[in-house]
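Engineer: Mind looking at a prediction? Sequence and model below.
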Amino acid sequence: MKKVALITGITGQDGSYLAEYLLAKNYEVHGIKRRASSFNTQRIDHIYQDKHQENPSFFLHYGDLTDASNLTRIIQDVQPDEIYNLGAQSHVAVSFESPEYTAEVDALGALRLLEAIRFLGLEKKCRYYQASTSELYGLVQQIPQSERTPFYPRSPYGVAKLYAYWITVNYREAYGMYACNGILFNHESERRGETFVTRKITRSLANISQGLEKILYLGNIDAKRDWGHAKDYVEMQWLMLQQEKPDDFVIATGQQYSVREFVMIAAKKLGIELVFEGNGIDEVARVVTVDLTTDIQIKPGDIILKIDPRYYRPAEVETLLGDPDKAKKLLNWQPKISFEEMVEEMVEHDLQVARKDRLLKQHGFDVHLNHGE
Ligand code: NDP
Ligand code: GDR
């Protein structure tokens, strides 16, 4: 018998990698996608299976984390062995603009799923994974942050995720459910949403290198994060649900870089050496040298990065550094993809896209650059 998994947020970065991972493990995978006015399944189109083929193992259902009856019906139909709750309004800056919606989806969405499991009497059959986050630590109380570090969220997103964290613990303790929190630190990939800082940087620098854009505008480039690769991290989401007892785990690399360092390293991978000049909102990055063996369209002396205070957050999380010791010991975990390899993969991917766009432009076709805000 195949194991059955249900993934919320299957169209997102993690959902797409997790679906691939579970299909490779011979799971029957069900995902919840939102109705949208245009296609929103780009990240999972390559694993889509025609409904008419024999013995399909991949299914999509329309649904929304704000809709309890819909979630309950899907869980009743699917009878999952494992639920991965990855769906969320996941952008921290946007959560200041839409705090109530963020709470509906990120906090109450988790409650709706847990209640549906209970309501359907699946507490003993169905294991539950909650996508918790290093944003819970916010204004950090301890360096590095482990499972024992007190939380101090700094955004409506972080506060909503705090509720989801505790309701998961509560249902585990109150009803004996197998429910886990993965406290994942930032993880990226070529599938990362274009408005998160790493992908915004790699896309924009690739476009700049091809003459498609001039300036990359960023907010707080002093912020420091512990960045890992999404592919490594979804493996942990699965592993957490395969243990004898449910528990909560920090997943991180234990290494930290600033946004400024990320920019420098990404630029270097493109053959561009940068220097930062000035302070505060007047800080800029100027090109020092370019690799002349490449097709780079900029020259030494050009300014290619400026600060735009619009990207500052009302309350910032300045520094995050995880301590993944527990996961390493108990889950025998070791991330496979290094920071440098991850940046390289993202830059390579976005450079290919930028080269294609440049070619289209040269041949008179329209190129629509979606700016990562
Ligand atoms: P993404 O933003 O890439 O994906 C979020 C997913 O949630 C998308 O599939 C999105 O659908 C879906 N979604 C949004 N709103 C709703 C809703 N109302 N109902 C149902 N689904 C919804 O996030 P990631 O893949 O990067 O992250 C996965 C989870 O892990 C999230 O919960 C995030 O908060 C959390 N997390 C992420 C970390 C990271 O660094 N990536 C670190 C720690 C935690 P659509 O495609 O239609 O927008
Ligand atoms: P984060 O990721 O808030 O950590 O949340 P993001 O990449 O958005 O920001 C990281 C840091 O970079 C700074 N920054 C900018 N950020 C964005 N998006 N755009 C900019 O122009 C910019 N300039 C500087 C930010 O201020 C911040 O300090 C991510 C999400 O995936 C969450 O869902 C997840 O829970 C956490 O990671 C762990």
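Structural biologist: The structure has been received and is ready for your questions. Ligands and ions are numbered 1, 2, ... in the order given.
Engineer: and the gap between Ala5 and ligand 2?
Structural biologist: Distance, Ala5 to ligand 2, using Cβ to the nearest ligand atom, to the nearest Å: 21 Å. C-betas here are computed from N, CA, C, even on glycine.
Engineer: got the contact list for the host helix or strand of that residue?
Structural biologist: Secondary structure from DSSP states H and E places Ala5 in strand 4-8. The contact list for strand 4-8 (Cβ atoms under 8 Å, 6 or more residues apart in numbering) reads 15, 18-19, 22, 27-32, 63, 65, 74-75, 78-87, 109, 113.
Engineer: How far away from the center of its chain is it?
Structural biologist: Put simply, strand 4-8 sits 18 Å off its chain's centre (Cα atoms, centre = their mean, to the nearest Å).
Engineer: counting contacts, what elements does the helix or strand harbouring Glu341 pack onto?
Structural biologist: Using DSSP H and E, Glu341 sits within helix 339-362. Counting contacts by 3 or more Cβ pairs under 8 Å, 6 or more residues apart in numbering; DSSP states H and E, helix 339-362 packs against helix 197-209, strand 228-229, helix 259-269.
Engineer: Who are the contact partners of the residue of the chain found nearest ligand 1?
Structural biologist: Residue of the chain nearest ligand 1, by Cβ to the nearest ligand atom: Gly12 (2.0 Å). Taking Cβ under 8 Å, 6+ apart, we find Gly12 in contact with Arg43, Leu86, Gly87, Ser90, Gly193.
Engineer: Tell me the one of those residues nearest Gln237?
Structural biologist: Checking these against Gln237 by Cβ to Cβ gives Leu86 as the nearest, at 7.8 Å.
Engineer: ok, the residue lying closest to the closest one once chain neighbours are set aside to Asn26 distance?
Structural biologist: Leaving aside its chain neighbours, Leu86 sits nearest to Gly9 (3.5 Å; criterion: Cβ to Cβ, 6 or more residues apart in numbering). The gap separating Gly9 from Asn26 is 22 Å, by Cβ to Cβ, to the nearest Å.
Engineer: Next, the buried residues of the helix or strand hosting Arg172.
Structural biologist: Following DSSP H and E, one finds Arg172 within helix 156-175. Under the neighbour-count criterion of 16 or more other Cβ atoms under 10 Å, helix 156-175 has 156-169, 171-172 buried.
Engineer: ok, these vs Tyr217, which is closest?
Structural biologist: Using Cβ to Cβ, Tyr157 comes nearest to Tyr217 of the buried residues of helix 156-175, at 21.9 Å.
Engineer: what's the closest of the helices and strands packed on helix 339-362 to ligand 2?
Structural biologist: helix 197-209 (3.5 Å).
Engineer: and that closest one, anywhere near ligand 1?
Structural biologist: No: using Cβ under 6 Å from any ligand atom, we find that helix 197-209 stays clear of ligand 1, coming within 9.2 Å at best.
Engineer: Make 893 the starting number, not 1.
Structural biologist: Taking 893 as the first residue, the last one we looked at is helix 1089-1101.
Engineer: one step back: I'd like to know which of the contacts of strand 896-900 are buried.
Structural biologist: Applying 16+ other Cβ under 10 Å to the contacts of strand 896-900, the neighbour count classes 907, 910-911, 914, 919-924, 955, 957, 966-967, 970, 972-979, 1001, 1005 as buried.
Engineer: Run through these and flag the ones next to ligand 2.
Structural biologist: Among these, no residue is within reach of ligand 2 (Cβ under 6 Å from any ligand atom).
Engineer: Those residues in helices, which ones?
Structural biologist: Among these, the members falling in helices (DSSP state H) are Gly907, Leu910, Ala911, Leu914, Ile966, Ile967, Val970, Gly1001, Leu1005.
Engineer: need the contact list for the fifth one.
Structural biologist: When you say that, I think you mean Ile966. Leu898, His922, Ile924, His953, Gly955.
Engineer: So Gly1193: helix, strand or coil?
Structural biologist: Under DSSP: H, G, I helix; E, B strand; the rest coil, Gly1193 falls in the coil class.
Engineer: try the one 4 residues further on
Structural biologist: Secondary structure for Leu1197, judged by three-state DSSP, is strand.
Engineer: pretty sure it contacts Val1155?
Structural biologist: Yes: contact criterion Cβ atoms under 8 Å: Leu1197 and Val1155 qualify, at 6.5 Å.
Engineer: any residues in contact with both of those two?
Structural biologist: Counting by Cβ under 8 Å, 6+ apart, the residues touching both Leu1197 and Val1155 are Leu1108, Leu1110, Leu1166, Ala1177.
Engineer: Kindly indicate which of those residues lies nearest Leu1028.
Structural biologist: Using Cβ to Cβ, Leu1110 is the member of the shared contacts of Leu1197 and Val1155 that sits closest to Leu1028, with 24.4 Å.
Engineer: List the beta-bridge partners for that closest one.
Structural biologist: Following DSSP bridges, Leu1110 is listed with bridge partners Ile1199.
Engineer: Alright, I will stop here.
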